[in-house]
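Peer 1: quick one: sequence and predicted model below, then my questions.
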Amino acid sequence: MPDIKKIFPIILAGGSGSRLWPLSRNSRPKQFIKFFEENTLFQKTVNRFNNEIFHSPIIITNNQSRFTVQQQLSEVSKNSSKIIIEPSPKNTAPASLVGIICSKMIANDPYVIISPSDHLVENEKLFTELLKKSAENLPKNRLLLIGFKPSSPHTGYGWISAKIDNNRDLFEIDNFIEKPPIELAEKLFKSNTSYWNTGIFFGKASTFINQFENFASSILKNVNLSFQKSTSDLDFLRLNENPWNSLPSVPIDIAIMEKSKKLFVTPFKGGWTDLGSWQSIMDNFENNYKENVFEKNSTKIDSVNSLLYSASDKVHLVGIGLKNIITIATEDAVLVVEKDKSEKVKNAIDILKEKKVEQVENSQNDYRPWGFFEILSKGGNFLVKKIVVYPKKRLSLQKHKFRSEHWVVVEGQAKVILDNEIFNLSKNESTYVNTGVVHRLENISDQNLTIIEVQTGSYLGEDDIIRIEDDFKR
């Protein structure tokens, strides 16, 4: 039986992180990228809730990221977590609510904490103590927003004006202000009664549901239907798409929080950052001489207060005479932006989508449940990939209409199926897969399998795959 006294973390891991393009893309959103230290932002969020006061988390993600969630979760936690798949992105109100409904089914009426998966929280011990104290002091019919005392007149965050009472820890909220202009942000910053809205909410599951009943009953109805009609898919819970796709795309702040009279705010006094722009990433790197930041394969000359970041071992980034400039390089795209305008990268993404620029969503690297591949070279009728298969994993049994493939093993042990033939390949050995041949690649060792694949043919798109059998039910 679950411990109903434990707090249920609901981790929202379905966002695309477009403001951190070109590193963050649909195939690998920012929460799954290692910006700092050895863990991704998602893994750091999971670790934040890995102690005795928390139940194993409920994670809400999308179809494309489900195996990434599963893989990264397995690297940092042995606890069994519920992973729920959204049929389509509907912002934080439906995603939060489905996690709340799931928690209530598991443990009757637990406390829940709704948390994004792409924030940095320093002093996690203080964060845990704040939640433990809140569970003791928060009335059961009230909800709590975790606020953060602002360190600057930031225009990229939502703000909250509160009724400060120095004799209490929980304050009533006067007003929500969404990403104010700089003049208003400066006033809020000087007021000493305002906080940044972290988007982290806490309270009883039943209280959240009550607020949805009062202010967003149609959302509650359709999320309930989608959850009730959900189906198991491997280790995932897949929500029913018909009621889900009829939902509006709306943040939980707008759906219920800004309308609720049962909401308190309490300040978190440890460090917190919403890593929503390259400037926020820059601010969290360790600055070098003259406040420059240069990470990974970069060289600066006569530059001040600038970030140089190359995410590729093949691209060395050089900056000369830069001032207040952020430059991000990947193998297939480069972003150059004034530091103070890094919030506007999302506007650039909209323009790139209109121009149908391939790099806006797809990258040279792509991730699969069995591993990942990197595009090394391509032309009109050929494509060269580096393919890495995780230990004991295998690709689907498949064939192609338009392309043939040549595989060369450069690391590990492979098991190969070609029609009715089954054989193993070791390092420096190769095989040829002709058009129309049913084939499969499998890693039979405890180490990663790496092969170089050369594709040739009249069409080389990823949709030229006819799957006959698949471990991952794609």
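Peer 2: Nice, I can see it.
Peer 1: looking at this protein, which helix or strand is least sure?
Peer 2: Here the helix or strand of the chain ranked lowest by mean pLDDT, DSSP states H and E is strand 293-295, holding a mean of 63.
Peer 1: next structured bit after it?
Peer 2: Tracing the chain past strand 293-295, the next element assigned as helix or strand by DSSP states H and E is strand 298-301.
Peer 1: hmm, who's touching the following helix or strand past that following strand?
Peer 2: On the C-terminal side of strand 298-301, the closest following helix or strand by DSSP H and E is strand 307-310. The contact list for strand 307-310 (CB atoms under 8 Å, 6 or more residues apart in numbering) reads 23, 278, 281-282, 285, 292-300, 316-319, 322, 325-330, 339. Using the backbone N, CA and C atoms, a C-beta is placed for each residue, glycine as well.
Peer 1: of those residues, grab the buried ones for PyMOL.
Peer 2: Provided next is the PyMOL selection string for whichever of those are buried by 16 or more other CB atoms under 10 Å:
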select buried, resi 23+278+281+282+292+293+294+295+297+298+300+317+319+322+325+326+327+328+329+330+339
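Peer 1: which parts of stretch 5-15 are buried?
Peer 2: Residues of stretch 5-15 classed as buried by neighbour count (16+ other CB under 10 Å): 6-15.
Peer 1: narrow the residues you listed to those in helices?
Peer 2: Counting by DSSP state H, no part of the buried residues of stretch 5-15 is found in helices.
Peer 1: distance from the chain centre to stretch 247-261, please.
Peer 2: 21 Å (CA atoms, centre = their mean, to the nearest Å).
Peer 1: over to the residue nearest to residue 348 when sequence neighbours are not counted: give its phi and psi.
Peer 2: If the residues on either side of it in the chain are set aside, residue 348 comes closest to residue 21, at 7.6 Å by CB to CB, 6 or more residues apart in numbering. Residue 21 adopts backbone torsions of phi -60, psi 150, taken as degrees, to the nearest 10.
Peer 1: could you do the one 4 residues further on as well?
Peer 2: Per-residue torsions, residue 25: phi -140, psi 170 (degrees, to the nearest 10).
Peer 1: domain ranges for this structure?
Peer 2: The chain breaks down by automatic domain parsing into domains covering 8-274, 278-354, 365-469.
Peer 1: point out the most buried one among the ones you listed.
Peer 2: Across the domains of the chain, averaging neighbours per residue (mean count of other CB atoms under 10 Å) puts domain 8-274 on top, at a mean of 19.
Peer 1: follow-up on the earlier one: contacts only, for the residue nearest to residue 348.
Peer 2: 333, 335, 345, 348-349, 360.
Peer 1: can you tell me how far it is from residue 388?
Peer 2: From residue 21 across to residue 388, the span is 24 Å (CB to CB, to the nearest Å).
Peer 1: can you check residue 212 too?
Peer 2: Counting by CB to CB - residue 212 and residue 388 are separated by 43 Å.
Peer 1: bridging residues for residue 265?
Peer 2: Using DSSP bridges, the beta-bridge partners of residue 265 come out as residue 145, residue 171.
Peer 1: revised request: answer the last question for residue 417.
Peer 2: Under the criterion used (DSSP bridges), residue 417 bridges to residue 422, residue 440.
Peer 1: residue ranges in this protein under the pLDDT threshold?
Peer 2: Scanning the chain for pLDDT under 70 picks out 1-4, 286-296.
Peer 1: if you set the cut-off to 80 instead, what comes out?
Peer 2: Applying pLDDT under 80 to the chain flags residues 1-5, 15-17, 27, 36-37, 78-80, 165-169, 285-296, 361-363, 474.
Peer 1: ok, which stretches of the protein are helices?
Peer 2: Taking DSSP H as the criterion, the chain carries its helices at 41-48, 66-76, 92-107, 124-137, 182-191, 205-215, 217-228, 241-245, 252, 278-284, 345-354.
Peer 1: now distance to residue 425 too, for the ones you listed, in TSV please.
Peer 2: Below are the helices of the chain laid out as TSV (distance: least, CB to CB, whole Å):
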stretch	distance to residue 425
helix 41-48	33
helix 66-76	25
helix 92-107	43
helix 124-137	46
helix 182-191	60
helix 205-215	52
helix 217-228	45
helix 241-245	41
helix 252	51
helix 278-284	41
helix 345-354	40
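Peer 1: look up how far residue 193 lies from residue 166.
Peer 2: Look at residue 166 and residue 193: by CB to CB, they are 12 Å apart.
Peer 1: what of residue 141?
Peer 2: 25 Å.
Peer 1: residue 314 now?
Peer 2: 51 Å.
Peer 1: and residue 25, by the same measure?
Peer 2: Taken as CB to CB, the span from residue 25 to residue 193 is 39 Å.
Peer 1: equivalent analysis for residue 128, please.
Peer 2: Distance from residue 128 to residue 193, counting by CB to CB: 27 Å.
Peer 1: again, but for residue 321
Peer 2: Relative to residue 193, residue 321 is positioned 43 Å away (criterion: CB to CB).
Peer 1: could you do residue 460 as well?
Peer 2: The span separating residue 460 from residue 193 equals 59 Å under the rule CB to CB.
Peer 1: first to last residue in stretch 237-248, what's the distance?
Peer 2: The first and last residues of stretch 237-248 sit 21 Å apart, counting by CA to CA, to the nearest Å.
Peer 1: who touches that stretch?
Peer 2: Contacts to stretch 237-248, defined as CB under 8 Å, 6+ apart, come from residues 82-88, 90, 94, 98, 102, 219, 221-223, 225-232.
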